[in-house]
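*Asks:* What shape does this take:
(2 chains)
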Amino acid sequence: MSYDIEQLARLLSILPPAPTGWVEAAQTLPQLRAGIDHLVARAGEDAELRARIVANLESALAESGIAPTPHALAEARRRLGT
Amino acid sequence: MTGAATDEQLVARCRAGDGEAWNALVERFSRFVFAICVRGFRLGREDAEDVFQDVFAKTYEGLHKLRDDAAVRPWIAQLTRRCCIDRLRATRETPEAELDEAADEEALADVELALDVHQALERLPENCQEILDRFFARDESYRSIGEALGLPAGTIASRISRCLDKLKAQMEDPASVERPVDG
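*Replies:* Sure, this is the predicted structure:
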C-alpha cells in the first residue's frame, strides 16, 4: 500500500497520548484488584470490621495502600455490595 | 513507546502475571482507546475517562478468556465501542434508537489506520519516534522540541521531513533498514 506524507502526518496527529493520570490508573489495576480482594476477604470474615470499612471506605482503602480515587472507591463499593 | 514484544507475547506475559507486560499493554493501547472514545464517539472528558478505566478493567478481567492472543487489538476495539455505547445509554442523552449510529465510522476507520502508523513509528529509530510524536501527536512547537531534545530549532523541520520519509518507507516496506537520522 502506498502512503503520502501528508496522510501520514494527519494520521500521526490522530493518536495523541491519553492523559498520563488515566494511563497510570489503568496500569495500577492489578495492584488495585489485589488490594480490594484482600479488603473484601477481611470484611467477609468479620461483620464488625465490614461495617467499619463500609462506613469509612476512603480510610480503609488508604490503610490498605490503595489510593482512594473515584474509580477505586466505586470498585470497592461494587465488590462490597454497598 | 512500548518495546518490541508482539501483541501475542504481551498478552501471554500479562496472563502469567507479569506486571511490566501489563504496563506495556496499557501503554500500547491507551492512545487507541482514548481516540475511540473522543474521536469515534465524541465523549466528553469525564465520560471518556470512565470508559477508559472500564475498558482496561474489562481487559484485565477478560484476558484469560481471549481465544486468540494475537487478536487483542480488535477485541479491545470492540470492547471500547461497547463501553462507549453503554456510557451513552447510561447518560440518556442519546435516544436508544440512535445508539447504533452513535459512532462516527469514518473517524473510527481513521483511528485504526492511525494505530497502524503508530506501530510503524515504534519500529523507527528512537530519535525519529521522539521528534514525530512530539510534533504531530503532542502538537509541540519547533522551539519546544528543540529545547527538549537539545537541538537547534532550525534543524527540526528537516529532521521531521527525513523521519516522515523513513516512516513512509516503513509503512510500505516493514523490512526497511533502521538508521538514526542526524544533521
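*Asks:* for chain B, longest helix please?
*Replies:* For chain B, the helix that runs over the most residues, judged by DSSP state H, is helix B:72-91.
*Asks:* Packing partners of the host helix or strand of B:Ser30?
*Replies:* Taking DSSP states H and E as the criterion, B:Ser30 maps to helix B:19-35. Applying 3 or more C-beta pairs under 8 Å, 6 or more residues apart in numbering or on different chains; DSSP states H and E, one finds that helix B:19-35 contacts helix A:20-27, helix A:29-45, helix B:7-15, helix B:45-62, helix B:72-91, helix B:105-121. Where you see a C-beta, it was placed from the backbone N, CA and C, and this is true even at glycine.
*Asks:* what's the distance between the very next helix or strand once past the last one and the middle of its chain?
*Replies:* Using DSSP H and E, the next helix or strand after helix B:105-121 towards the C-terminus is helix B:126-132. The chain centroid and the centroid of helix B:126-132 are separated by 16 Å, computed with C-alpha atoms, centre = their mean, to the nearest Å.
*Asks:* Can you name the residues of chain A sitting close to chain B?
*Replies:* A:1-5, A:8-9, A:11-19, A:22-23, A:25-27, A:29-30, A:33, A:71, A:75 (C-beta under 8 Å from any C-beta of the partner chain).
*Asks:* Now the residue lying closest to A:Ala9 once chain neighbours are set aside: phi and psi?
*Replies:* Among residues not flanking A:Ala9 along the chain, B:Phe136 sits closest, at 5.8 Å (C-beta to C-beta, 6 or more residues apart in numbering or on different chains). When read as degrees, to the nearest 10, the backbone of B:Phe136 gives phi -90, psi -50.
*Asks:* With the one 5 residues further on instead?
*Replies:* The phi and psi torsions at B:Ser141 (degrees, to the nearest 10) take the values phi -80, psi 160.
*Asks:* try the one 3 residues further on
*Replies:* The main-chain torsion angles of B:Ser144 are listed as degrees, to the nearest 10 and equal phi -60, psi -40.
*Asks:* For it, which non-adjacent residue is closest in space?
*Replies:* B:Arg134 (7.6 Å).
*Asks:* I'd like to know how far the one you found sits from B:Ala175.
*Replies:* Shown here: B:Arg134 relative to B:Ala175, a distance of 27 Å by C-beta to C-beta, to the nearest Å.
*Asks:* Looking at the two, which one has more neighbours?
*Replies:* Using other C-beta atoms under 10 Å in any protein chain shown, the more surrounded residue of B:Arg134 and B:Ala175 is B:Arg134, with 19 against 7.
*Asks:* coming back round to it: now do the contacts for the residue nearest to A:Ala9.
*Replies:* Contacts for B:Phe136 were tallied using C-beta atoms under 8 Å, 6 or more residues apart in numbering or on different chains; they are A:Ala9, A:Leu12, A:Ser13.
*Asks:* nearest residue to A:Tyr3 other than its sequence neighbours?
*Replies:* B:Met171 (5.0 Å).
*Asks:* Report the buried residues of stretch A:42-55.
*Replies:* In terms of neighbour count (16 or more other C-beta atoms under 10 Å in any protein chain shown), stretch A:42-55 has its buried residues at A:Ala43, A:Arg50, A:Ile53.
*Asks:* cool, and stretch B:150-168?
*Replies:* B:Leu151, B:Ile156, B:Arg159, B:Ile160, B:Cys163, B:Leu164, B:Lys166, B:Leu167, B:Lys168.
*Asks:* again, but for stretch A:12-29
*Replies:* Buried residues in stretch A:12-29 (16+ other C-beta under 10 Å): A:Leu12, A:Ile14, A:Leu15, A:Pro16, A:Ala18, A:Trp22, A:Val23, A:Ala25, A:Ala26, A:Gln27, A:Thr28, A:Leu29.
*Asks:* Can you tell me which of those residues lies closest to B:Glu46?
*Replies:* Proximity of the buried residues of stretch A:12-29 to B:Glu46 was ranked by C-beta to C-beta; the top entry is A:Trp22 with 11.4 Å.
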